[in-house]
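Enquirer: Turn this into a model:
(one chain, ligands or ions: 2)
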Amino acid sequence: MTNPSSSSLTIDYSDEVAAAKQRGAPIVALESTIITHGMPYPGNLDMARSVETIIREQGAVPATIAVIHGVLHIGLDGAELEALSTTQGAMKLSRADLADLAFAIAERRTGATTVAATMIAAARAGIRVFATGGIGGVHRGAEQSFDISADLDELARTGVIVVCAGAKAILDIPKTLEVLESRGVPVVTYDSENFPAFWSRESGLKSPLMLNSPAAIASFQRTRELLGIEGGMLVANPVPEESEIPREEMEIYITRAIDNAASEGITGKAVTPYLLDNLFRLTDGRSLETNIALVENNARLAAEIAVALAMK
Ligand code: PSU
Ligand code: MN
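Expert: Ligands and ions are numbered 1, 2, ... in the order given. Just a heads-up that it's a prediction; the model follows:
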């Protein structure tokens, strides 16, 4: 279903998402960089499918977002999801690249959306809740490299609730929380006082805020809207205990992966995908199992929040 009405930007909604929009049903946005750059095939496809199923089981509709041959898609059908999971050389689209969609259109390129780009697309489509694995943030050594994810700026400006398992532990988490605070992004940890670190339930840092029900998160968001506060909200959902890799253990692998990245001269957009892939090898695939478990856990909570927001 194609809707060319929004100025020059063509948006292709899946039938399921178009129908959900019509009847005002709860929708949960999902990003696609995690599929193309975050996990190897076929684990990435299994994850993409199971996350959609979990969202449907909670009574919401999944909307996986990607640019396919130059067209922004909100909701992918089964064939599109499968094709994306095996696409080689997909672009990794953040705010800068999404603004320059003309490049992807002219070149008929396929690109996956990061947290930042997915938030932009979700907001444009009227979707208020979005589930991912872990947001990007301030990289370790950012004082040298200046590598700070555009995800943080997007959270400050775009009004979407992003459900994640914390910031990826490959990052400098204290600095990431500092930037979120100075940009005015509320950080709420679900049912825990401790801000989680993606593969681990704890980062060693306290969460700025804590809430323990989807209804409470929905009510917090409604209150922000009533006050006219713009910008997004970060909900951190600790990975389930049975799937976590403890922090001390993970830190050993992360240090090694960062050393490997440095000696191979990896920079910019390639850093996060490189580290995730390196950790997959260093942990014999355990980091991927944890990553899948935490995304599924986030999809469930995001769907519950979307359902709570849809109730008046
Ligand atoms: N969550 C995951 N795996 C991922 C990502 C999130 O479990 O690969 C992606 C998101 O798309 C996020 C990106 O926006 O990692 C961060 O990349 P960078 O550090 O280059 O901003
Ligand atoms: Mn980066």
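Enquirer: can you give me the strands in the stretch 101-250 of the chain?
Expert: 111-113, 129-131, 161-164, 187-190, 194-197, 200-206, 209-211, 233-236 (DSSP state E, counting those that start in this stretch).
Enquirer: Need those in a markdown table (columns: distance to ligand 1 and mean pLDDT).
Expert: For every residue, glycine as well, the C-beta is placed using N, CA and C. Listed next are the strands of the stretch 101-250 of the chain as a markdown table, based on distance: least, Cβ to the nearest ligand atom, whole Å; pLDDT from 0 to 100:
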| stretch | distance to ligand 1 | mean pLDDT |
| --- | --- | --- |
| strand 111-113 | 7 | 90 |
| strand 129-131 | 10 | 98 |
| strand 161-164 | 7 | 98 |
| strand 187-190 | 16 | 98 |
| strand 194-197 | 13 | 98 |
| strand 200-206 | 14 | 97 |
| strand 209-211 | 22 | 98 |
| strand 233-236 | 12 | 98 |
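Enquirer: Buried deepest among those, which one?
Expert: A comparison of the strands of the stretch 101-250 of the chain by mean neighbour count, using mean count of other Cβ atoms under 10 Å, puts strand 129-131 on top with a mean of 30.
Enquirer: Report the closest residue of the protein relative to ligand 1.
Expert: Ligand 1 sits closest to G133 of the chain, with a gap of 1.9 Å, by Cβ to the nearest ligand atom.
Enquirer: so what's the nearest residue to that residue once chain neighbours are set aside up against?
Expert: Take G133 and drop its neighbours on the chain: the residue closest to it by Cβ to Cβ, 6 or more residues apart in numbering is V295, 4.8 Å away. Counting by Cβ atoms under 8 Å, 6 or more residues apart in numbering, V295 touches I34, M47, V51, A131, T132, G133, A165.
Enquirer: Just the element for V295, please.
Expert: Using DSSP states H and E, V295 sits within helix 286-310.
Enquirer: ok, is that helix in contact with ligand 1 or not?
Expert: Yes: among the residues of helix 286-310, N291, V295 lie within reach of ligand 1 under Cβ under 6 Å from any ligand atom.
Enquirer: In that helix, which residues are buried?
Expert: For helix 286-310, the buried set under the neighbour-count rule, 16 or more other Cβ atoms under 10 Å, comprises 286-310.
Enquirer: That one versus strand 200-206: what angle between them?
Expert: Orientation note: helix 286-310 sits at an angle of 70 degrees relative to strand 200-206 (axes from the mean of the first three to the mean of the last three Cα atoms, to 10 degrees).
Enquirer: Report the mean confidence score over helix 286-310.
Expert: In this model, helix 286-310 carries a mean pLDDT of 98.
Enquirer: What is the distance between it and the centre of its chain?
Expert: Once both centres are worked out by Cα atoms, centre = their mean, to the nearest Å, helix 286-310 turns out to sit 10 Å from its chain's centre.
Enquirer: Give the full set of residues in contact with the most centrally placed residue in the chain.
Expert: For the chain, the residue nearest the mean C-alpha position is T132 (3.0 Å; Cα atoms, centre = their mean). Taking Cβ under 8 Å, 6+ apart as the definition of contact, the neighbours of T132 are L30, E31, I34, V115, T118, V162, V163, C164, V295, N298.
Enquirer: which one of these is nearest A63?
Expert: Each of the contacts of T132 was scored against A63 by Cβ to Cβ, and L30 proved nearest at 6.6 Å.
Enquirer: what does the average pLDDT come to for the helix or strand encompassing L279?
Expert: Following DSSP H and E, the helix or strand that holds L279 is helix 271-282. Model confidence over helix 271-282, given as mean pLDDT, is 96.
Enquirer: Show me what from the chain comes close to ligand 1.
Expert: Taking Cβ under 6 Å from any ligand atom, the part of the chain that reaches ligand 1 is made up of 31, 33-34, 37-38, 114-115, 132-134, 136, 149, 151, 269, 272, 276, 291, 295.
Enquirer: In helices, which of the residues you listed appear?
Expert: Counted as lying in helices by DSSP state H, out of those, are T33, I34, V115, D151, T272, L276, N291, V295.
Enquirer: What confidence value was assigned to F103?
Expert: The confidence metric pLDDT takes the value 70 at F103.
Enquirer: do the same with S8
Expert: The predicted local distance difference test score for S8 is 58.
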